[in-house]
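Student: I'll drop the sequence and a predicted model, then ask my questions.
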Amino acid sequence: MTPTPRDQPSFSAVILAGGYATRFGDDDKAVADLAGKPMIRHVVERLSESVDTIVVNCRAEQQSPIESALEPLSGDSTVTREFAIDPIPDLGPVGGIKTGLEAVSNEYAAVVACDMPFCSPPLLEELAARAAGHDGAVVRLEDGWYQPTHAVYRAQPMAAACGAVLESDDKRIVRALEAIDCVVVEENDLETPVGSAFESIDTKEALLEAERRLTR
Ligand SMILES: Nc1nc2c(ncn2[C@@H]2O[C@H](COP(=O)(O)OP(=O)(O)OP(=O)(O)O)[C@@H](O)[C@H]2O)c(=O)[nH]1
């Protein structure tokens, strides 16, 4: 049965902004300019439609530039922003998800990558509704790939699963998804249009292409 909005638990958001963005070059893609605003700001502004608490996960030296990129945020003064700094950098997205979710006080949280400027609050709301009573909801695309960095999780079990994965030999995020009660939503079963929600900006070329679309 399709979940109704009434079933949707309130949720926080974690933005993953760590890592070294090797495909992007020397710059930090989180604060790279996209159509006149830092990329992470696109993500924060979108998520502010659906959540009242945003946890930004990054390395210690990224915090100050990201804070600058997010100030002042117009019209979202009700959104609380916190930072969750990776105790060990470069553990990959699994490490970032663990650190970010451990800082969340809500039972559920959306996890979104900082390089997904077209992330979709309505889609995350659908995933939150589908996750209700479970440990998470993640989309599987037609090509079989999961979209774990535009998903909703119950914070505590997913953080623990990520911790266990980091301790194991197989550090793939799919192992954490298998360890929790995660609802897998096939792309074709989604009620919300996906649009470009899952598009990640990994290179300078992708940034220019996204800029062209945003400014035309
Ligand atoms: N906290 C944390 N986040 C990470 C780490 N690696 C990647 N991420 C985040 O996970 C998301 C997906 O990252 P990827 O594109 O797979 O990796 P990346 O490091 O950003 O880029 P590449 O080096 O080009 O693969 C992005 O939001 C990154 O900010 C990490 O080591 N720690």
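Tutor: Good, I have the coordinates.
Student: for the ligand, what are the nearby residues on this protein?
Tutor: Residues of the chain found near the ligand (C-beta under 6 Å from any ligand atom) are 16-24, 57, 86, 90-93, 95-96, 113-115, 149, 200, 202. The C-beta positions use only the backbone N, C-alpha and C, and glycine is treated the same way.
Student: ChimeraX command to pick out the buried ones of the residues you listed?
Tutor: With 16 or more other C-beta atoms under 10 Å as the burial test, the buried ones among the residues of the chain next to the ligand are selected in ChimeraX as follows:
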select :16,17,18,19,21,24,57,86,91,92,93,95,96,113,114,115,149,200
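Student: among the residues of the chain next to the ligand, which are in helices?
Tutor: G92, P93, G95, G96 (DSSP state H).
Student: M158 contacts T99, correct?
Tutor: No: assessed by C-beta atoms under 8 Å, M158 is found out of contact with T99, at 11.9 Å.
Student: compare neighbour counts for those two and give me the winner.
Tutor: Comparing M158 with T99 by neighbour count (other C-beta atoms under 10 Å), the higher total belongs to M158, at 29 against 24.
Student: ok, now which ones touch the more buried one?
Tutor: By C-beta atoms under 8 Å, 6 or more residues apart in numbering, M158 lies in contact with I97, L101, D135, G136, A176, I180, C182.
Student: could you flag which of the residues you listed are buried?
Tutor: By 16+ other C-beta under 10 Å, those give I97, L101, D135, G136, A176, I180, C182 as buried.
Student: so which of the residues you listed comes closest to the ligand?
Tutor: Within the buried ones among the contacts of M158, distances to the ligand taken as C-beta to the nearest ligand atom reach their minimum at I97, with 7.9 Å.
Student: how about the closest one, what does it touch?
Tutor: Neighbour list for I97: V14, L16, N57, V111, P148, T149, Y153, M158, A159, C162, I173, A176 [criterion: C-beta under 8 Å, 6+ apart].
Student: so for the strand or helix carrying A129, mean pLDDT?
Tutor: Using DSSP states H and E, A129 sits in helix 121-131. Per-residue pLDDT values across helix 121-131 average out to 96.
Student: quick one: buried residues of it?
Tutor: By 16+ other C-beta under 10 Å, the buried positions in helix 121-131 come out as P121, L123, L124, E125, E126, L127, A128, A129, R130, A131.
Student: hmm, L47 and the fourth one touching each other?
Tutor: This points to E125. No: if you go by C-beta under 8 Å, E125 and L47 don't touch, sitting 11.0 Å apart.
Student: which one of the buried residues of helix 121-131 is nearest to L214?
Tutor: The closest of the buried residues of helix 121-131 to L214 turns out to be P121 (C-beta to C-beta; 17.1 Å).
Student: residues contacting that closest one?
Tutor: By C-beta under 8 Å, 6+ apart, P121 lies in contact with R46, L47, E49, S50.
Student: and if you look at A176?
Tutor: Going by C-beta under 8 Å, 6+ apart, A176 touches V94, I97, M158, A161, C162, A164, V165.
Student: please, which helix or strand holds the third one?
Tutor: Assigned by DSSP H and E, M158 belongs to helix 155-167.
Student: what mean pLDDT does that helix get?
Tutor: For helix 155-167, the mean per-residue pLDDT is 98.
Student: which SSE is immediately downstream of it?
Tutor: Taking DSSP H and E, what comes next after helix 155-167 is helix 173-179.
Student: point out where the chain drops to low pLDDT.
Tutor: The chain contains residues with pLDDT under 70 at 1-9, 73-77.
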